[in-house]
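Q: Following is a predicted model, sequence given first.
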Amino acid sequence: MALEAAFAKMNGLGNAIIVADMRGRADRVTPEAARALNADPATRFDQIMAIHDPRLAGTHNYIEIINSDGSQAQACGNGTRCVVQALAAETGEKVFTFQTIAGILNAEEHEDGLISVDMGKPRFGWQDIPLAEEFRDTRMIELQAGPIDAPVLHSPSVASMGNPHAIFWVERDVNVYDLERFGPLLENHPIFPERANISIAQVTAENALNLRTWERGAGLTLACGSAACAAAVSAARTGRTGRHVTVTVPGGPLDILWREDDHVIMTGPAEWEFSGRFDPATGAWERETEGAA
Ligand SMILES: N[C@H](CCC[C@H](N)C(=O)O)C(=O)O
């Protein structure tokens with residue numbers, strides 16, 4: 001057993017994140033290691049953000065994003081903030097450019113400690129999400145959950161933030177809906193060939209909405225940054241809000257700005273919990289002890 005790689009257990013508004021330091025290594029965090037780390041209550045996580053050496057000139061690092069079921073994700077806004085905080089603390093740098101399977105990400109730590117991530121441009125074409133069949137207008141698609149004649153959730157907006165999202169608009173408090181029951185059914189609905197992150201959103205003001213998310217490959221989470229972005233752009237393009245909103249998730253508020261150049265900027269906090277070392281092949285791990293070299 002080789003506990004060679006350093007990690008930090010962190011969170012972004014309660015979105016449970018492991019930042020894994022895979023720099024200088026050719027191997028990857030295996031799906032088995034991810035599932036083992038998730039099975040231990042102390043290291044239970046929503047996403048692993050594995051920091052690798054850069055593969056592209058002009059970028060700081062290549063980041064691989066792994067869900068708690070071992071699958072890969074194209075985007076993780078909250079995890080990206082955690083990566084920025086960890087690297088900023090190590091290097092003193094404030095501005096970072098990362099590469100992921102979905103493209104290039106720019107991010108920046110501000111003086112007040114909050115971190116902004118440029119989540120890129122949203123995409124709305126049915127093939128971009130992707131959906132299994134053509135929908136000309138993705139501001140509202142035909143999909144429902146609950147009794148056929150009285151659906152509890154229906155007619156979501158869909159959007160890609162690099163990863164697939166469906167946003168169900170609701171009138172009542174987002175907490176009264178049984179997302180634990182409807183989430184898995186909708187995540188795996190045949191309309192979503194790559195599955196989807198499922199959110200319910202209540203618009204509370206022209207610049208505010210409340211959001212809960214059932215994440216693809218991770219389940220119910222306290223926060224999902226890319227879902228907050230997908231909800232914000234979907235609210236704006238359906239005339240429910242303006243382009244600058246506060247999205248309140250169970251873990252707290254995120255500031256989302258859909259800029260005129262089409263980029264979506266997400267700003268929020270990140271928090272360190274503890275550090276350790278782990279084996280990227282098996283997920284065996286130990287806590288860094290006080291004063292350890
Ligand atoms: N928690 C992440 C999103 C994870 C998305 C992942 N569950 C997927 O498979 O797309 C966030 O803050 O953006």
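A: Sure, I can see it.
Q: Quick check: phi and psi on the residue lying closest to Met119 once chain neighbours are set aside?
A: Excluding its sequence neighbours, the residue lying closest to Met119 (Cβ to Cβ, 6 or more residues apart in numbering) is Val264, at 4.5 Å. All C-beta atoms are positioned from the backbone trio N, CA, C, and that covers glycine. Dihedral pair for Val264: phi -110, psi 120, per degrees, to the nearest 10.
Q: which ones are touching Val264?
A: 118-122, 161, 229, 232-233, 256-258 (Cβ atoms under 8 Å, 6 or more residues apart in numbering).
Q: ok, now Phe274?
A: Neighbours of Phe274 in contact, by Cβ under 8 Å, 6+ apart: 8-9, 287-288.
Q: Now narrow the residues you listed to whatever sits close to the ligand.
A: Of the entries in those, none also sits close to the ligand under the rule Cβ under 6 Å from any ligand atom.
Q: Return the members of the residues you listed classed as buried.
A: Buried residues within those, counting neighbours by 16 or more other Cβ atoms under 10 Å: 8-9.
Q: any idea which of the contacts of Phe274 is closest to Ile167?
A: The shortest approach to Ile167 among the contacts of Phe274 belongs to Lys9, at 29.4 Å (Cβ to Cβ).
Q: So among the contacts of Val264, which ones count as buried?
A: 118-122, 161, 229, 232-233, 256-258.
Q: among those residues, which are in strands?
A: Within the buried ones among the contacts of Val264, residues falling in strands by DSSP state E are 118, 256-258.
Q: I'd like those residues as CSV, with pLDDT appended.
A: Below are those laid out as CSV (pLDDT from 0 to 100):
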residue, pLDDT
Asp118, 98
Ile256, 98
Leu257, 98
Trp258, 98
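Q: okay, those in JSON lines with distance to Glu142 next?
A: Converted to JSON lines, those look like this (distance: Cβ to Cβ, whole Å):
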{"residue": "Asp118", "distance to Glu142": "33"}
{"residue": "Ile256", "distance to Glu142": "27"}
{"residue": "Leu257", "distance to Glu142": "31"}
{"residue": "Trp258", "distance to Glu142": "25"}
